[in-house]
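what follows is a predicted structure for the sequence shown.
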Amino acid sequence: MLVIAVQTGSLGGPAGSVGSGGSGCWAGRRHDDDRPDASSGATSAELFDAVFHALHDGEQVALGFDCPLTLTVAPDQGALAAEADADALVNRAEPAATRPGLTELGHLLGELGTWRPWTTVSTSLSRWKANTSILVWEAVPAEGSGSVTASAAADSFFRQLKTAAEPGPEVPAAGTVVNLAAATARRAGLFVDASELGRPAVSITVTGG
């Protein structure tokens, strides 16, 4: 398992755009390697190489972003989109595609769509644990926390993996959110369960760092 957290500035550490080659953009490690920043880089090409080679070697990848991956919509708007089809939810997510973090995610998944179109993406922890190759998760700073880093986000994922819970079915209700990560994967041509488009992405609270 390879866990990577991508830092866009929302975590409170140094901001950096993966696409621009800024410093400290992403960091992570494998489950059997507890060295800090055992895997790290500052460009979209390095991020793609790390993810691609892990998938090629048969590893699961958990890819975290320090930006909102769930968009709240008015209940009536969400219901109308859900009643239409999955493409309607993808369209509702389109305006957010250029936000920091989602731009980097879109680039990465787009490249995977070109070079590894059979890749499966999920934002559901239970589905990913069962058989999915990539989990996209949201890194959420702990309340009142100071500056944190991408490596702290990756470490928090490992610490909370066994106890992290899926969002409850009633908060928020299905149809009142659009899953931006799932929509990004679908636009990239990768397989994602359509039911995830109207459900929140799994989140991990970042502690330490």
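Structure received. Numbering: from 1, shown residues only.

what strands line up against the lengthiest strand in the chain, and which way round?
Using DSSP state E, we find that the single longest strand of the chain is strand 134-141. Using DSSP bridges, the strands paired with strand 134-141 are strand 61-65 (parallel), strand 121-122 (parallel), strand 203-206 (parallel).

CSV for those, including distance to V192, mean neighbour count and mean pLDDT?
Placement of C-beta: from N, CA and C, glycine included. Below are the strands paired with strand 134-141 laid out as CSV (distance: least, Cβ to Cβ, whole Å; neighbours: other Cβ atoms under 10 Å; pLDDT from 0 to 100):
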stretch, distance to V192, mean neighbour count, mean pLDDT
strand 61-65, 13, 26, 94
strand 121-122, 5, 26, 96
strand 203-206, 17, 21, 90
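
which one of those lies nearest to G41?
strand 61-65 (13.1 Å; Cβ to Cβ).

how far does that closest one sit from the chain's center?
Mean-position distance between strand 61-65 and its chain equals 5 Å (Cα atoms, centre = their mean, to the nearest Å).

on that earlier part again, and the next element down the chain from the longest strand of the chain?
Proceeding N to C from strand 134-141, the next assigned helix or strand is helix 150-160, under DSSP states H and E.

got the CA coordinates for that following helix in PDB?
Extracted in PDB, the C-alpha atoms of helix 150-160 (Å, rounded to 0.1, in the frame of the first residue of the first chain):
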ATOM      1  CA  ALA A 150       1.700  16.500   3.600                       C
ATOM      2  CA  SER A 151       3.800  13.900   5.500                       C
ATOM      3  CA  ALA A 152       1.600  14.500   8.600                       C
ATOM      4  CA  ALA A 153      -1.500  13.800   6.500                       C
ATOM      5  CA  ALA A 154      -0.100  10.600   5.200                       C
ATOM      6  CA  ASP A 155       0.900   9.500   8.700                       C
ATOM      7  CA  SER A 156      -2.600  10.300  10.000                       C
ATOM      8  CA  PHE A 157      -4.100   8.100   7.300                       C
ATOM      9  CA  PHE A 158      -2.100   5.100   8.600                       C
ATOM     10  CA  ARG A 159      -3.000   5.800  12.200                       C
ATOM     11  CA  GLN A 160      -6.700   6.200  11.500                       C
END
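
quick one: buried residues of it?
A150, S151, A152, A153, A154, D155, S156, F157, F158 (16 or more other Cβ atoms under 10 Å).

and stretch 185-194, end to end?
Start and end residues of stretch 185-194 are separated by 11 Å (Cα to Cα, to the nearest Å).

how far does the longest strand of the chain sit from its chain's centre?
Distance of strand 134-141 from its chain centroid, counting by Cα atoms, centre = their mean, is 4 Å.

and T103, that's in a strand?
No - counting by DSSP: H, G, I helix; E, B strand; the rest coil, T103 is located in no strand; its state is helix.

go ahead and confirm it touches A97.
Yes - T103 sits in contact with A97 when judged by Cβ atoms under 8 Å, with a separation of 7.2 Å.

please say which of those two ends up with more neighbours.
Taking neighbours as other Cβ atoms under 10 Å, T103 and A97 compare with T103 leading, 19 against 15.

measure the more buried one to A96 for me?
10 Å (Cβ to Cβ, to the nearest Å).
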